[in-house]
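>>> Sequence first, then the predicted structure:
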Amino acid sequence: MKKILLAAALFCSTFFFSQKNQNYLKISYTSICCGPASEKPSISYLKEFKRKNQIRSMEILMQKGMGREGEFELYVGTDFLTVNQRKRLVRGLTASVSNQNNSKKSQNIGNINFDPADITHQEDLMNAKNLTIYKK
C-alpha cells in the first residue's frame, strides 16, 4: 500500500512541478506573397537572452498552419522571468523584430508582428490547433 501511495505521489508531483506558463508573448509571422520571414533572428536572440541571463529553461511554443503560405506564430513563456528580465526581453525582441522587418532583401517576404501588450494566456492556447513545442 505504501508503494502505491508513493508512486501516486511521485506521479502527481511530476505534473505539478512541470513547466507550465500562464502568460505568453506572441510573435506573428505573416506572409505577403512568397512566404513568411525566417524565425532564426528571433530564436537566436531568445537563445542568447537565455544564456546571458542564466535561465534554465524557456518555453517556446509554435503554432503552424495559420494560412496557405506557411504563416505561423511563436509564443514565449514569461512567468519564470523577473520584472527586469521581462523588460529586457521585450526591448530586445522589439529591436530584433523591427530590425528584421526593416532589413528585408525583398518586399515579397512577409512581416513579423510583435506587440508587447498582446499577452496570450494559457486558456487561449488550450484549444489551439497545430501547437507544438519549438525545438531547433
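Arrived safely. Numbering: from 1, shown residues only.

>>> so how far is stretch 34-52 off the chain centroid?
10 Å (C-alpha atoms, centre = their mean, to the nearest Å).

>>> Stretch 125-135 too?
Relative to the centre of its chain, stretch 125-135 is centred 10 Å away, using C-alpha atoms, centre = their mean.

>>> Please spell out which residues along that stretch are buried.
Tyr134 (16 or more other C-beta atoms under 10 Å). Backbone N, C-alpha and C define where each C-beta goes, glycine included.

>>> Between the two ends of that stretch, what distance do you get?
18 Å (C-alpha to C-alpha, to the nearest Å).

>>> Outside of stretch 64-82 itself, list whatever touches it.
19, 21-31, 33-36, 39, 42-43, 46, 55, 57-63, 86, 89, 93, 110, 119-120, 125, 129-130, 132, 134 (C-beta atoms under 8 Å, 6 or more residues apart in numbering).

>>> Contacts for the helix or strand hosting Ser98, please.
Counting by DSSP states H and E, the element that carries Ser98 is helix 83-102. Residues outside helix 83-102 that contact it (C-beta under 8 Å, 6+ apart) are 25, 27, 37, 41-42, 45-46, 49, 53, 55, 76, 78, 81, 111-114, 116.

>>> and Ile27, what does it touch?
Contacts of Ile27 by C-beta under 8 Å, 6+ apart are Glu39, Ser42, Glu73, Leu74, Tyr75, Val76, Leu93, Val97, Ile112, Asn113, Phe114.

>>> related to what we said a few turns ago, I would like a PyMOL command selecting only the buried ones among the contacts of helix 83-102, please.
A single PyMOL command selects the buried members of the contacts of helix 83-102 (16+ other C-beta under 10 Å):
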select buried, resi 25+27+37+42+45+46+49+76+78+81+112+114
